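Q: how would this look folded up:
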Amino acid sequence: MINVPRSKADQEQAGDKVAIPFGGHDDTCPIKALRKWLCTAKVTEGAVFRGVDRHGNMAATGLHRDSIAAIFKTAAARSGMNATNIAGHSVRAGMATQAALNGSSERAIAKPRGTFRVASCGATSVRARCYARMRARESGL
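A: Numbers count the residues shown, from 1 in each chain. You can find the predicted model right below:
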């Protein structure tokens with residue numbers, strides 16, 4: 001469980017405890033990645049994700065919420081992707097789309113996104129099923 005003291009979806013700013021499941025693969029497991037980061041960065045309290053300067057020095061404070069999009073854009077550009085349409089929201093949307101492709105229910109997708117209205121995930125689920133059908137046709141299945 002992690003403590004999320006505030007979020008955009010938390011209108012009352014009451015905070016929440018969020019369960020993060022272990023992943024099915026060592027190289028993509030969120031818990032193992034988090035533990036490795038905390039150990040490597042020597043983070044024992046406060047913000048988990050902090051800025052790191054060009055000399056490798058870690059900031060004492062957490063990342064500003066607007067820096068997430070910049071980090072994703074930089075990583076996408078470094079990997080050769082067109083970063084024009086990449087945003088901080090892209091990771092959440094991509095996770096929801098992949099969960100739908102993997103057969104997760106709309107309710108299961110909505111809960112960790114902080115979106116308890118299942119209707120808001122409908123488009124993601126429909127889009128994911130359409131992509132799955134397209135890929136199946138293209139691969140000759």
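
Q: output the lowest mean pLDDT helix or strand found in the chain.
A: Lowest by mean pLDDT, DSSP states H and E among the helices and strands of the chain is helix 119-138, with a mean of 48.

Q: could you report the pLDDT at Leu57?
A: Actually, residue 57 is Asn. It isn't Leu. Note on Asn57: pLDDT of 89.

Q: next, count neighbours for it.
A: As a burial measure, Asn57 scores 9 neighbours (other CB atoms under 10 Å). Where C-beta positions appear, they are placed from N, C-alpha and C, glycine not excepted.

Q: what of Ala100?
A: For Ala100, the neighbour count with other CB under 10 Å is 23.

Q: same thing with Ile109?
A: 24.

Q: does Phe65 count as helix, strand or coil?
A: In this structure residue 65 is Arg, not Phe. Under DSSP: H, G, I helix; E, B strand; the rest coil, the three-state class of Arg65 is coil.

Q: residues contacting it?
A: Arg65 makes contact with Gly88 under the criterion CB atoms under 8 Å, 6 or more residues apart in numbering.

Q: where does pLDDT dip in this protein?
A: Scanning the chain for pLDDT under 70 picks out the ranges 111-141.

Q: can you list the domains in the protein?
A: The chain breaks down by automatic domain parsing into domains covering 1-61, 87-141.

Q: out of the ones you listed, deepest packed?
A: domain 87-141 (a mean of 14; mean count of other CB atoms under 10 Å).

Q: state the distance from Asp16 to Met81.
A: 32 Å (CB to CB, to the nearest Å).

Q: wait, Asp10 touches Asp16, no?
A: Yes: between Asp10 and Asp16 there is a contact under CB atoms under 8 Å: 6.3 Å.
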